[in-house]
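J.: using only what follows, build the 3D model:
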Amino acid sequence: MPRTRISIALYLCLVFASGMLVGIVSNRLYATNTASANNSPRSMSEFRKRYLDGMRTKVGASEKQILEITRTLDETKRKYDELAAQEQPLHDKIQQDHVEEIKALLNDRQKIAYDNWRTERERAKQQAKQTK
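T.: Numbers count the residues shown, from 1 in each chain. Have a look, this model is predicted:
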């Protein structure tokens, strides 16, 4: 059955419209991911700077108040660090129990591969911490 010019034009319009739709959706998805990634602070020092800037500009805190707020932030960080240090042994115990349960499910060859894989992941985590 020969194609008419109208059906060819219709197919071309459908292809063009679907390309536009894919482009719009992917652009929207990219813009959303980029905007959310750019708005979040990357480190505690960046968070602190944004927080203090907000206190100055949005709340109208004076420099004297900013000094007190800075002391409060320092004290809060110290308390969180103490809490994390107290919880670390419990965290380590839970992690060790997890590893032992996983190893119990594996054969000897898989246990070696699992240990190697965990070592790789730990190295990658340490390198990521160093680059921050």
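
J.: chain center to the strand or helix carrying H98, what's the gap?
T.: If you go by DSSP states H and E, H98 is part of helix 63-104. Here helix 63-104 shows a centroid-to-chain-centroid distance of 19 Å under the convention Cα atoms, centre = their mean, to the nearest Å.

J.: tell me the buried residues in whichever helix or strand comes after it?
T.: As assigned by DSSP H and E, the chain's next helix or strand after helix 63-104 is helix 108-131. Residues of helix 108-131 classed as buried by neighbour count (16 or more other Cβ atoms under 10 Å): none. Heads up, the C-betas are built off the backbone N, CA and C, glycines and all.

J.: averaging pLDDT per element, find the lowest-scoring helix or strand in the chain.
T.: helix 5-39 (a mean of 81; mean pLDDT, DSSP states H and E).

J.: tell me what that one is packed against?
T.: Here helix 5-39 touches no other helix or strand, going by 3 or more Cβ pairs under 8 Å, 6 or more residues apart in numbering; DSSP states H and E.
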